[in-house]
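Q: everything below, folded, please.
(chains A and B)
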Amino acid sequence: TQLLEQSPQFLSIQEGENLTVYCNSSSVFSSLQWYRQEPGEGPVLLVTVVTGGEVKKLKRLTFQFGDARKDSSLHITAAQPGDTGLYLCAGVRGGKLIFGQGTELSVKP
Amino acid sequence: DSGVTQTPKHLITATGQRVTLRCSPRSGDLSVYWYQQSLDQGLQFLIQYYNGEERAKGNILERFSAQQFPDLHSELNLSSLELGDSALYFCASSVGQAYYNEQFFGPGTRLTVL
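A: Numbers count the residues shown, from 1 in each chain, chains lettered A, B, ... in the order given. Next comes the predicted model:
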């Protein structure tokens, strides 16, 4: 059983569509991070959310931390082919980063 | 380019063998982390070193060991390899030892055990 459950696991959409990826847990996290990983590369940190209810925006990406700090979401507006990749959420547990299984996003032109 | 380098990029070996993966952290970073990424387990934390000392341990098998040298580069040693050890191995580095320090990931080493 994963401590952090991401959904959906796979998402294939057309350019211009909106999408939301979810990261859920039954445990409280002091912070949650979102990473993007492209084929052949390591994950790259996109954002860290710390406060319950916090919303952060990064251009067309909107990240939200749940009020109870157990879940988070990533919303992409008007997706572009360049958004294609593996999106990972991660939380800290016992001083270590615990990762979700990831959401594989494919945006077709 | 994250500034973290890993060698080799690809490694193909046989069951029962031993391999060493190498990582050079970003200039100025004192912490090095090792992760394993496989299709079934996802990205899993293995071990962290800070300035040469082991700081945290994750799901690292006893057949695996790591060390960080005085010049801060790190090596991950995998022995008695099994088919299930085939995975991507990532190294990450950060300036400090605390979890809230941003980690920068290298490009990974793809290990294939035949």
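Q: and residue 12, what is it in contact with?
A: As the question left the chain open, I've gone with chain A. Contact partners of residue A:12, counting by CB atoms under 8 Å, 6 or more residues apart in numbering or on different chains, are A:105, A:106, A:108. Quick note: C-beta positions are derived from backbone N, CA and C, even for glycine.
Q: other chain: chain B
A: Residue B:12 makes contact with B:112, B:114, according to CB under 8 Å, 6+ apart.
Q: derive a ChimeraX selection command for the buried subset of the contacts of residue A:12.
A: The following ChimeraX command selects only the buried members of the contacts of residue A:12, with burial defined by 16 or more other CB atoms under 10 Å in any protein chain shown:
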select /A:105
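Q: tell me the one of the contacts of residue A:12 nearest chain B?
A: residue A:105 (15.8 Å; CB to the nearest CB).
Q: secondary structure class for the closest one?
A: Per DSSP: H, G, I helix; E, B strand; the rest coil, the local secondary structure of residue A:105 is strand.
Q: for chain A, which residues are neighbours of chain B?
A: Chain A comes close to chain B at residues A:2, A:31, A:40-45, A:48, A:88, A:90, A:92, A:94-102, as judged by CB under 8 Å from any CB of the partner chain.
Q: how many neighbours does the residue in chain B positioned nearest to chain A have?
A: Chain A sits closest to residue B:105 of chain B, with a gap of 2.9 Å, by CB to the nearest CB. Using other CB atoms under 10 Å in any protein chain shown, the number of residues around residue B:105 comes to 22.
Q: wait, it sits on residue B:94?
A: No: using CB atoms under 8 Å, residue B:105 makes no contact with residue B:94, being 10.3 Å away.
Q: per-residue confidence for the closest residue in space to residue A:18 that isn't next to it in sequence?
A: Leaving aside its sequence neighbours, residue A:18 sits nearest to residue A:77 (CB to CB, 6 or more residues apart in numbering or on different chains; 5.3 Å). Residue A:77 is assigned 98 on the pLDDT scale.
Q: ok, then the element right after whichever strand in chain A runs longest?
A: What stands out as the longest strand in chain A, according to DSSP state E, is strand A:85-93. As assigned by DSSP states H and E, the chain's next helix or strand after strand A:85-93 is strand A:96-99.
Q: and that following strand, which strands flank it?
A: Each strand paired with strand A:96-99, and its direction, by DSSP bridges: strand A:85-93 (antiparallel).
Q: tell me if stretch B:65-79 is near chain A.
A: No: using CB under 8 Å from any CB, stretch B:65-79 stays clear of chain A, with a minimum separation of 14.5 Å.
Q: which other residues reach that stretch?
A: B:18-25, B:29-30, B:32, B:34, B:46-47, B:49-54, B:60, B:63-64, B:85, B:89, B:91, B:111.
Q: what sits opposite residue B:74 in the beta ladder?
A: Where residue B:74 sits in a bridge, its partners, by DSSP bridges, are residue B:23, residue B:68.
Q: burial count for it?
A: Quick note: residue B:74 (other CB under 10 Å) scores 25 neighbours.
Q: now do residue B:107
A: By the criterion of other CB under 10 Å, residue B:107 has 18 neighbours.
Q: enumerate every residue touching it.
A: Listed by CB under 8 Å, 6+ apart, the contact set of residue B:107 reads A:40, A:41, A:42, B:2, B:4, B:5, B:6, B:9.
Q: residue ranges with poor pLDDT in chain A?
A: When residues are selected by pLDDT under 70, those of chain A lie in A:1-2.
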